[in-house]
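Chemist: please find the sequence and the predicted model below.
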Amino acid sequence: MNINFNKNNDGLVPAIIQDATTKNVLMLGYMNEEALKKTQDTKLVTFFSRTKNRLWTKGEESGNVLNLVNIKLDCDKDTLLVTVNPKGPTCHKGSDTCWNEANSESYGFLTKLENTIQTRVEAGNIEKSYVASLFAKGINKVAQKVGEEAVEVVIEAKDNNDALFLNESADLLFHYLMLLQAKGFKLEDVVSILHNRNKNNFHR
């Protein structure tokens, strides 16, 4: 990599640390040429500490190391994106990230939808909430609803009305998220299995 270490006249470039799995940004550090080389050689992320004025391998005291996955250079050749597999919390204060956020995997709107379902169930307002009322009927009713929606998807897949097919697909996905929660699981549990299958070449 042709990195411009001299842009700021201090021999340092910012290194953005990102979890390779969750894609969350964990912290920001600085590297000089020596820190970058040590990172590449040891596969443990190493910075140049401006306060200690020396190389510093993340986790050298706490054991909460950052295992290197990949390093990318930005278009101006003066910022690094370092993807890692973290061992333990990243922040020295004990949180997952230096922004005091949980380093959990997010699936965008689907995660938001999962959280909404959970909120409605916990509120238990069965008179105003469809989600709460269905949950109150028990897991058999939730599972039955998933089955009904699956049948509707199959029926619409055999027709030519794309709008109906997509709407029934949305209904199926929504109720499937409800069933997962009724069973005490989340979407990330299913995705984890798919990740493992992909890693073990189960998908052909």
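Modeler: Received the coordinates, thanks.
Chemist: report the buried residues of the helix or strand containing residue 147.
Modeler: Remark: residue 147 resides in helix 139-157, with elements defined by DSSP states H and E. Using 16 or more other CB atoms under 10 Å as the test for burial, helix 139-157 gives 142, 145-146, 149-150, 152-153, 156. The way it works is simple: take the backbone N, C-alpha and C, and place the C-beta from them, glycine included.
Chemist: now tabulate these in CSV and tack on pLDDT and distance to residue 51.
Modeler: Converted to CSV, the buried residues of helix 139-157 look like this (pLDDT from 0 to 100; distance: CB to CB, whole Å):
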residue, pLDDT, distance to residue 51
142, 97, 54
145, 98, 57
146, 98, 55
149, 98, 57
150, 98, 58
152, 97, 61
153, 98, 58
156, 97, 62
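Chemist: quick revisit: name the residues that touch whichever helix or strand comes after the helix holding residue 147?
Modeler: Later in the chain than helix 139-157, the nearest helix or strand by DSSP H and E is helix 162-182. Helix 162-182 has contacts (CB atoms under 8 Å, 6 or more residues apart in numbering) with 110, 113-114, 117-118, 121, 131, 134-135, 139, 142-143, 145-146, 149-150, 152-153, 155-157, 159, 186-187, 189-190.
Chemist: what about stretch 59-66, average pLDDT?
Modeler: On average, the pLDDT along stretch 59-66 is 95.
Chemist: do stretch 160-174 as well
Modeler: The model assigns stretch 160-174 a mean pLDDT of 97.
Chemist: could I get the CA-only coordinates of that stretch as CSV?
Modeler: Output of stretch 160-174 as CSV, limited to C-alpha atoms (Å, rounded to 0.1, in the frame of the first residue of the first chain):
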residue,chain,number,x,y,z
ASN,A,160,-48.7,-13.0,-12.1
ASN,A,161,-49.6,-10.3,-9.6
ASP,A,162,-46.2,-9.1,-8.3
ALA,A,163,-47.8,-6.6,-5.8
LEU,A,164,-49.8,-9.3,-4.1
PHE,A,165,-46.8,-11.7,-4.0
LEU,A,166,-44.6,-9.0,-2.4
ASN,A,167,-47.3,-8.1,0.1
GLU,A,168,-47.8,-11.7,1.2
SER,A,169,-44.0,-12.1,1.4
ALA,A,170,-43.9,-9.1,3.8
ASP,A,171,-46.7,-10.6,5.9
LEU,A,172,-44.8,-13.9,6.1
LEU,A,173,-41.6,-12.3,7.1
PHE,A,174,-43.3,-10.2,9.7
